[in-house]
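# here is a sequence with its predicted model. Questions after.
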Amino acid sequence: MLIRYAQTLDYLTPPAQHRWSAKSLKAANVVVLLGAMLCYVIIFGERGGRDAIVDGFPFVMFPYVINAALLFRCSTIVGQSLLLVASLAYAAWIAFIFIDQYLSPDPEALAFFWVGILAAPFLCILWRAAEYLDRRRRVA
């Protein structure tokens with residue numbers, strides 16, 4: 001009897017909705033981008049100084065620059081969430097390469113020059129999907 005009463009109460013309470021808004025996803029993406037920039041400056045600054053920061057930026061950080069440009073074009077939740085996934089996936093990729101370089105250092109550190117290029121095909125799929133789904137959601 002008590003179980004039936006509890007089951008009827010479940011129908012009376014509205015379900016909890018934890019939906020992300022486009023603004024909160026954009027803010028999360030900006031936090032990830034700024035965190036990545038800060039980590040990049042700290043890590044490359046310690047390893048090689050200002051020259052390493054300037055020389056490595058086009059190779060390591062160009063996916064974040066593209067992601068930031070797309071961040072202002074995509075305004076729907078779907079587009080923002082795919083861009084956030086792309087940012088986090090690329091951050092994980094950079095962390096993997098950094099740990100690999102830390103455990104077995106390359107004297108020339110050429111691995112960091114290939115980080116963005118090797119991740120580009122996967123990121124291009126996510127960027128294109130974000131753009132396409134964002135455009136499709138805005139039209140509908």
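Received it, and whenever you're ready, just let me know what you need. As the structure is a computational prediction, the values presented were derived from the model and not from experiment.
# CA only for contacts and neighbour counts going forward, please
Noted.
# quick check, central residue of this protein?
Ser87 (1.4 Å; CA atoms, centre = their mean).
# any idea how far that one is from Arg47?
Separation of Ser87 from Arg47 (CA to CA, to the nearest Å) stands at 23 Å.
# the bottom helix or strand of this protein by mean pLDDT?
Least confident helix or strand of the chain, by mean pLDDT, DSSP states H and E, is helix 2-12 with a mean of 51.
# what's the following helix or strand after that helix?
Toward the C-terminus, helix 2-12 is succeeded by helix 22-60 as the next helix or strand (DSSP states H and E).
# buried residues in that next one?
For helix 22-60, burial by neighbour count (16 or more other CA atoms under 10 Å) applies to 22, 25-26, 29-30, 32-33, 36, 40-41, 44, 53, 56-57, 60.
# again, but for stretch 127-140
Residues of stretch 127-140 classed as buried: Trp127, Ala129, Ala130, Glu131, Leu133, Asp134, Arg135 (neighbour count, 16+ other CA under 10 Å).
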